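Chemist: Provide a 3D model corresponding to the input given below.
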Amino acid sequence: MKSISIIGAGPAGIEAASILAQQGIAVTLFEKSSSAMKNVADKTFLFPDFAAASDIVEAMNKKLLNSNITLHCDTEIVALEREGKTSWKLTDAKGMSYYSDLVLIATGYTPFDAHRKEELGYGIYNGVVTSLDMEKMIRYDKIVNSLGEKPRRVVFLQCVGSRDEKSGNHYCSKICCVTAVKQAIELKRCLPDTEAYVFYMDLRMWGQHFEELYRQAQQEYGIRFVRGRISEASGTFDGRVQIKAEDTLMGLPLRMTTDLLVLMVGMEASEGTRCLGKACGIGGEYGFVQSKDPHLNDTATDQEGIFVCGTCKRPMSINDSINDARSAAVTILQAIQ
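Modeler: Residues are numbered from 1 along each chain as shown. Alright, predicted model coming up:
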């Protein structure tokens with residue numbers, strides 16, 4: 001029986017491990033963090049049905065309770081090289097080596113670092129936060145401005161670090177639009193009297209029920225959508241944030257003061273993805289790994305014995321990542337038959 005290693009214990013890595021384990025195949029799963037599902041555990045509710053993220057985390061963690069799965073947390077795989085003709089050598093950050101016939105890379109993504117957009121004031125003005133910060137505020141029911149007060153107005157800004165030549169990321173991160181709509185609705189549910197604005201380039205509500213969510217945001221919650229980009233944010237004497245923008249529908253400049261400016265940060269390839277992709281010769285655009293064929297062989301690669309799934313390839317939603325992992329598991333099962 002061939003040995004199989006999976007790098008990354010997020011939704012994709014766990015789903016693939018679970019399917020393989022159910023087929024009686026022993027799988028070794030490596031996770032650099034102290035626990036699995038870290039990128040989901042910090043979320044509150046998931047679109048489009050506002051399912052509790054904690055329920056998804058619990059369900060996925062239960063899949064690890066299989067005697068055919070060996071999970072190594074706090075184990076970051078930093079090197080991947082061919083060992084002989086048919087196997088691979090994996091080396092972790094502590095210098096430990098592991099050997100495997102087949103490797104599935106499911107190293108996921110990292111959020112765009114909003115500090116790189118200095119003109120938007122993240123890390124400079126306390127009233128500027130990221131979508132991850134807002135998610136924590138919602139989760140712990142503590143949505144406050146820089147003075148610790150309930151905000152009277154909150155502005156969400158799309159496409160921070162995505163579709164942006166300055167940051168070097170020309171691609172769309174796919175989930176930011178619907179995440180802004182979801183968070184704005186959650187804000188209004190918690191604080192009905194707070195004004196909510198969403199500034200966007202164009203709304204890409206690509207999923208089933210997502211367009212309905214967008215309409216619900218306007219019709220039921222009074223959330224206002226402004227087509228325009230914010231060019232600059234600055235602090236005010238009373239701890240608020242002043243933004244400069246252009247309403248591109250009206251063709252007019254716009255200034256607005258807000259208690260919170262929420263930057264909807266996109267997805268970038270994680271450092272592990274960049275490192276391993278380069279190490280085994282499957283590095284692609286923007287640091288993501290490259291599959292063999294986006295149509296018929298999207299979980300295989302040009303390197304025999306190396307497979308890929310989830311957001312290490314491109315931005316995906318959680319359900320897309322899980323479905324991609326199922327595809328990868330089938331591809332691996334076919335390879336070992």
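Chemist: The worst-scoring helix or strand of the chain on mean pLDDT - contacts with which helices or strands?
Modeler: Using mean pLDDT, DSSP states H and E, the weakest-scoring helix or strand in the chain turns out to be helix 38-41, at a mean of 88. With contacts taken as 3 or more C-beta pairs under 8 Å, 6 or more residues apart in numbering; DSSP states H and E, helix 38-41 sits against helix 53-62. For glycine as for every other residue, the C-beta is placed from the backbone atoms N, C-alpha and C.
Chemist: How far away from the center of its chain is the helix it packs on?
Modeler: On the basis of C-alpha atoms, centre = their mean, to the nearest Å, helix 53-62 sits 17 Å off its chain's mean C-alpha point.
Chemist: Where do the helices of the stretch 201-337 of the chain begin and end?
Modeler: 210-219, 271-279, 318-336 (DSSP state H, counting those that start in this stretch).
Chemist: Go through the last one and flag the buried ones.
Modeler: Judged by neighbour count using 16 or more other C-beta atoms under 10 Å, the buried positions of helix 318-336 are 318, 320-326, 328-329, 331-332.
Chemist: can you redo the helices of the stretch 201-337 of the chain as a markdown table with distance to Lys38 and mean pLDDT?
Modeler: Putting the helices of the stretch 201-337 of the chain into a markdown table (distance: least, C-beta to C-beta, whole Å; pLDDT from 0 to 100) gives the following:
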| stretch | distance to Lys38 | mean pLDDT |
| --- | --- | --- |
| helix 210-219 | 25 | 95 |
| helix 271-279 | 13 | 94 |
| helix 318-336 | 13 | 96 |
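Chemist: Out of these, which is closest to Asp193?
Modeler: Judged by C-beta to C-beta, the one of the helices of the stretch 201-337 of the chain that comes nearest to Asp193 is helix 210-219, at 16.4 Å.
Chemist: and the helices of the stretch 201-337 of the chain as TSV, adding distance to Ile306?
Modeler: Formatted as TSV, the helices of the stretch 201-337 of the chain follow (distance: least, C-beta to C-beta, whole Å):
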stretch	distance to Ile306
helix 210-219	34
helix 271-279	9
helix 318-336	11
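Chemist: out of these, nearest to Asp302?
Modeler: helix 271-279 (11.7 Å).
Chemist: what comes up buried for that closest one?
Modeler: Result for helix 271-279 [16+ other C-beta under 10 Å]: buried residues 272-277.
Chemist: and that helix, what does it pack onto?
Modeler: Using 3+ C-beta pairs under 8 Å, 6+ apart, helix 271-279 is in contact with strand 77-83, strand 102-105.
Chemist: Out of those, which is the most enclosed?
Modeler: strand 102-105 (a mean of 28; mean count of other C-beta atoms under 10 Å).
Chemist: strands paired with the following helix or strand past that strand, and their directions?
Modeler: Next along the chain after strand 102-105, taking DSSP states H and E as the criterion, comes strand 109-111. Applying DSSP bridges, strand 109-111 is found paired with strand 267-269 (antiparallel).
Chemist: how does the protein divide up, domain by domain?
Modeler: 4-108+270-336, 114-267 (automatic domain parsing).
Chemist: Model confidence for Glu83, exactly?
Modeler: At Glu83, the model reports a pLDDT of 89.
Chemist: ah, wrong one, I meant Arg229
Modeler: According to the model, Arg229 scores 87 on pLDDT.
Chemist: Backbone dihedrals for it, both of them.
Modeler: phi -110, psi 140 (degrees, to the nearest 10).
Chemist: Verify the contact between it and Asp247 for me.
Modeler: No. Under the criterion of C-beta atoms under 8 Å, Arg229 is not in contact with Asp247, lying 10.0 Å apart.
Chemist: in the stretch 1-150 of the chain, which spans are helices?
Modeler: 11-22, 38-41, 53-62, 131-139.
Chemist: Now do the longest one: which elements does it pack against?
Modeler: By that I understand helix 11-22. strand 4-7, strand 27-30, helix 53-62, strand 69-72, helix 318-336.
Chemist: Any idea which of the ones you listed gets closest to Ile105?
Modeler: When the helices and strands packed on helix 11-22 are compared (using C-beta to C-beta), the closest one is strand 4-7, at 5.3 Å.
Chemist: Please state the offset of that closest one from the chain centre?
Modeler: With C-alpha atoms, centre = their mean, you get 21 Å for strand 4-7.
Chemist: cool, and stretch 21-30?
Modeler: That offset, for stretch 21-30, works out to 25 Å (C-alpha atoms, centre = their mean).
Chemist: For that stretch, measure first residue to last.
Modeler: Stretch 21-30 has an end-to-end distance of 15 Å (C-alpha to C-alpha, to the nearest Å).
Chemist: list the buried ones in it?
Modeler: Across stretch 21-30, burial judged by 16+ other C-beta under 10 Å covers 21, 25, 27-30.
Chemist: And His115, how far from Gly123?
Modeler: Noted for His115: a distance of 5 Å to Gly123, by C-beta to C-beta, to the nearest Å.
Chemist: on that earlier part again, tell me which of the helices of the stretch 201-337 of the chain lies nearest to Val78.
Modeler: Using C-beta to C-beta, those put helix 271-279 closest to Val78, at 6.2 Å.
Chemist: ok, residues contacting that closest one?
Modeler: 7-8, 32, 76-81, 105, 107-110, 269, 283-284, 287-290, 312 (C-beta atoms under 8 Å, 6 or more residues apart in numbering).
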